[in-house]
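Got a predicted structure here, sequence first:
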Amino acid sequence: MMHCPLCRHAAHARSSRYLSENTKERYHQCTNVNCGHTFVTMEAVTRSIMVPGKTEPVEEQRSDKSNTLSV
């Protein structure tokens with residue numbers, strides 16, 4: 001959540017798109033009905049705090065609908 005740069009109320013992200021592997025453009029809209037400002041922010045990876053020694057791929061989760069309960 002970002003604050004609106006005009007009125008400082010909460011602004012919610014409405015959509016986003018990747019511009020590169022480490023950069024995302026995010027579209028926000030102010031929740032203040034008297035403002036309604038729509039603006040764009042950029043989110044980027046700037047540095048790593050901890051890098052794992054070895055990364056293992058994770059098994060894909062299967063959605064097994066036979067275990068769901070009927071109401």
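Everything's here; your move. Numbers count the residues shown, from 1 in each chain.

Quick check: beta-bridge partners of residue 24?
Legend: beta-bridge partners of residue 24 under DSSP bridges are residue 18, residue 43.

How about the one 4 residues further on?
According to DSSP bridges, residue 13, residue 39 are recorded as the beta-bridge partners of residue 28.

Residue 3 now?
Taking DSSP bridges, one finds residue 10 as the beta-bridge partners of residue 3.

what pLDDT does it get?
Reported pLDDT at residue 3 in the predicted model: 97.

Isn't it up against residue 28?
No - the pair residue 3 and residue 28 fails to qualify as a contact (C-beta atoms under 8 Å) at a distance of 9.5 Å. In this view, the C-beta of every residue, glycine as well, is placed from N, C-alpha and C.

Which one of those two is surrounded by more residues?
Taking neighbours as other C-beta atoms under 10 Å, residue 3 and residue 28 compare with residue 28 leading, 22 against 12.

Would you check that the more buried one makes contact with residue 14?
Yes - the pair residue 28 / residue 14 is scored as a contact, 6.6 Å apart, by C-beta under 8 Å.

shared neighbours, the two?
residue 38 (C-beta atoms under 8 Å, 6 or more residues apart in numbering).

and residue 41, how many neighbours does it have?
14.

Skipping adjacent residues, who's closest to it in space?
Nearest residue to residue 41, sequence neighbours excluded (C-beta to C-beta, 6 or more residues apart in numbering): residue 26, at 5.0 Å.

What of residue 36?
residue 30 (5.7 Å).

Dihedrals phi and psi, that neighbour?
phi -70, psi 140 (degrees, to the nearest 10).

List the residues that contact it.
Applying C-beta under 8 Å, 6+ apart, the residues near residue 30 are 4, 6-7, 9-11, 36-38.

Among those residues, name the buried ones.
By neighbour count, with 16 or more other C-beta atoms under 10 Å, these hold 4, 11 as buried.

returning to what we had before: gap between the helix or strand harbouring the residue nearest to residue 41 and the chain center?
Assigned by DSSP states H and E, residue 26 belongs to strand 23-30. From the chain centre to the centre of strand 23-30 is a distance of 9 Å (C-alpha atoms, centre = their mean, to the nearest Å).
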